[in-house]
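# Provide a 3D model corresponding to the input given below.
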Amino acid sequence: MRSLLGLACATATLALSAASALAGDCPGNPNALGTSRTLVVDPREHPRIGTMQYAETLPLQDHEVVLTFDDGPLPRHSNAVLDILAKECVKATFFVVGRMAKGYPEGVRKLRAAGHTIGTHSENHPLSFNRMSVEQAQQEVDEGIASVAAALGDRSAVAPFFRIPGLLRAEAVEGYLGSQGIQTWSADFPADDWRHISPEAVYGLAMSRIQAKGRGVLLLHDIQARTVAALPNILHELKARGYRIVHVVPASITLPKTPTEPSQWRLRPITEQVAISHWPKVPGFSFAHREMLPSPAVADLSLDLGGAHATFRHALRGVPVPKAAPWPRQMPAEGSTNLIAFPVPAPAVFSIPEKTQPAIRATILLPARHAANDATVAPADAMASAGPVRQISGSHAIAPAGLQRGPIGVTTRPRPLNH
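You can find the predicted model right below:
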C-alpha cells in the first residue's frame, strides 16, 4: 500500500475554507459555539495520540476540545448530528466504517460537503484487532480506506487518521499504520454513548470527564439516538463553561503543519511547578588534601565551666537559659548501719510428707496343674525352676515374701497370709 500522506493534498482546500468561515459569525446563530481554530498535524511525527492509551495527545490549549464521531454514517442519526453541528458552526472528525460507506455513500459525501475531516474505522468494525494477524489487520485497514474513498470518488479526500474499533490496540497494527503514514487515534475522554444509558447520562459523563482533564479529544458515536439527544446540551454547556472547538486536518504539501513544541503533545507536560519524581544525585567531590581537621578542644572555647550559665547568657546576648527540667533527678540513697536481718525459714517449713503405700494383705490361689487322673498341684520347686517373674514397673507385689507354698487341692480353702 502506498503512503497516504501524499494523498491528503485535497484536504488543504477544506482546511482553508474552514479557516475562512471562522472570520464571520455563524449564520442564524450569533451565540453559536463555533470552531475557534484549525490545527494542522503531521501524522508521521506523532503517529499515536489520545491519553486513554498513549502518552501523547493533540497539542491543544487549555479549554480546547476536539469532537470525534465513530461508526457512521447511518442516515437516521448521522444526518441529525450533522444538522446539530451545522447550527453551532462546529467542525468535527468522523471515523467512517467502510461497510457503512458502501451502504450509505451519500452520507459520506455530506460529511465532506459540511467541511468535516473524514478518517476511517476499518471495513467491518471487528472487535478483534488485538488478536488478529497483521495480514488480517492490514486487509481491514486497506479495505476500509478503499470503501470510503470509493464513496467520495477521491482517495485523497480521506484523511490519514485511523481509530481501531473498540480501541483494542495492538503494536503490530499500530506499526503497520505508522509505516503507511496513518495516525492512530485513541481519545482523551469517552462519553460511553455506546452503552445502554440515557442521554442525560451521556451528557453528564462527557462534561465531567472534559472538566477533569481540561482539554482533549472527545469520543462520540453518530449512529446512536442517545448521542443525538445529548449533543445539543453538550455543545451548549461547552460554550457556557468557556470551552472552544478545534478542527484537526492533516498536513500536506500545500498545507504546512501548525508549529508546536514537543511538550504541547503531553496532556500534563512537566514544568517547573511540577515536583520532580526522583532525588537529585549527590555530586562526587574531589579534594586536593584529605588530612583530618583538628577538632576544637574545650579550652579553645574559653568557657568557664564553673560559671557556665553566665558565659552562655553573655554569648546569647540576653537570651535566657532554659530552666531545669521539672522531672525528678536520680538521688543517691542514704545508707544505714542499723540493718534488720529477717530470719531465714527452716527447710522443715516447706517439707511435704510423701504418701506411702499400705501393706497389702491378700489371699490368693496358687495355679493348679491337673494330671491325667488326679488333681494335684505341682510342687513349689517346679514353679521356682521356671525362673524369676518379671514385675511391671510401678506395680506392687500382691503376695509378700514368706508366702507359704505347698500342694493345695482344688477344693481346699486358701490359707490366710500371716495368720
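# residue ranges with poor pLDDT in the stretch 1-150 of the chain?
Low-confidence segments of the stretch 1-150 of the chain, defined by pLDDT under 70: 1-24.
# how about a cut-off of 90?
Scanning the stretch 1-150 of the chain for pLDDT under 90 picks out the ranges 1-28.
# ok, which stretches of it are strands?
37-41, 48-49, 64-70, 93-96, 117-120 (DSSP state E, counting those that start in this stretch).
# so which elements touch the longest one?
Applying 3 or more Cβ pairs under 8 Å, 6 or more residues apart in numbering; DSSP states H and E, we find strand 64-70 packed against helix 75-87, strand 93-96, strand 216-221, strand 244-250. No exception for glycine: its C-beta is placed from N, CA and C like everyone else's.
# show me what counts as buried in the following helix or strand past the third one.
What it means is strand 216-221. Per DSSP states H and E, the first helix or strand lying C-terminal to strand 216-221 is helix 225-240. Using 16 or more other Cβ atoms under 10 Å as the test for burial, helix 225-240 gives Arg226, Thr227, Val228, Ala229, Ala230, Leu231, Asn233, Ile234, Leu235, Glu237, Leu238, Lys239.
# okay, helix 225-240 in PDB with CA atoms only?
Extracted C-alpha coordinates of helix 225-240, given in PDB (Å, rounded to 0.1, in the frame of the first residue of the first chain):
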ATOM      1  CA  ALA A 225     -30.100   8.100  19.200                       C
ATOM      2  CA  ARG A 226     -28.900   8.900  22.700                       C
ATOM      3  CA  THR A 227     -25.900  10.800  21.200                       C
ATOM      4  CA  VAL A 228     -28.300  12.900  19.000                       C
ATOM      5  CA  ALA A 229     -30.300  13.700  22.100                       C
ATOM      6  CA  ALA A 230     -27.300  14.600  24.300                       C
ATOM      7  CA  LEU A 231     -25.200  16.600  21.700                       C
ATOM      8  CA  PRO A 232     -27.100  19.900  21.800                       C
ATOM      9  CA  ASN A 233     -26.700  20.100  25.600                       C
ATOM     10  CA  ILE A 234     -23.100  19.100  25.400                       C
ATOM     11  CA  LEU A 235     -22.300  21.900  22.900                       C
ATOM     12  CA  HIS A 236     -24.400  24.400  24.900                       C
ATOM     13  CA  GLU A 237     -22.600  23.600  28.100                       C
ATOM     14  CA  LEU A 238     -19.200  23.700  26.400                       C
ATOM     15  CA  LYS A 239     -19.800  27.300  25.400                       C
ATOM     16  CA  ALA A 240     -21.200  28.200  28.800                       C
END
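# and the angle for that helix with strand 64-70?
170 degrees (axes from the mean of the first three to the mean of the last three Cα atoms, to 10 degrees).
# and Arg244, what does it touch?
Neighbour list for Arg244: Ser36, Arg37, His63, Glu64, Val65 [criterion: Cβ atoms under 8 Å, 6 or more residues apart in numbering].
# for Phe95, that is, sorry about that
So Phe95 contacts Thr68, Phe69, Asp70, Asp71, Gly119, Thr120, His121, Phe161, Phe162, Arg163, Trp185 (Cβ under 8 Å, 6+ apart).
# and it, how far from Gly216?
Remark: distance between Phe95 and Gly216 (Cβ to Cβ, to the nearest Å) = 16 Å.
# those helices in the stretch 51-200 of the chain, which residues are they?
Along the stretch 51-200 of the chain, the stretches classed as helices by DSSP state H, counting those that start in this stretch are 75-87, 98-103, 105-113, 134-152, 171-179, 199-213.
# tabulate these (CSV), appending mean neighbour count and distance to Val349.
Listed next are those as CSV, based on neighbours: other Cβ atoms under 10 Å; distance: least, Cβ to Cβ, whole Å:
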stretch, mean neighbour count, distance to Val349
helix 75-87, 18, 105
helix 98-103, 21, 107
helix 105-113, 18, 111
helix 134-152, 20, 98
helix 171-179, 16, 90
helix 199-213, 18, 84
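# let's have these in CSV, adding distance to Ala348.
Shown next, in CSV, are those (distance: least, Cβ to Cβ, whole Å):
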stretch, distance to Ala348
helix 75-87, 109
helix 98-103, 110
helix 105-113, 115
helix 134-152, 101
helix 171-179, 94
helix 199-213, 89
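# out of those helices, nearest to Ala55?
Smallest distance to Ala55 across the helices of the stretch 51-200 of the chain (Cβ to Cβ): 12.9 Å, for helix 171-179.
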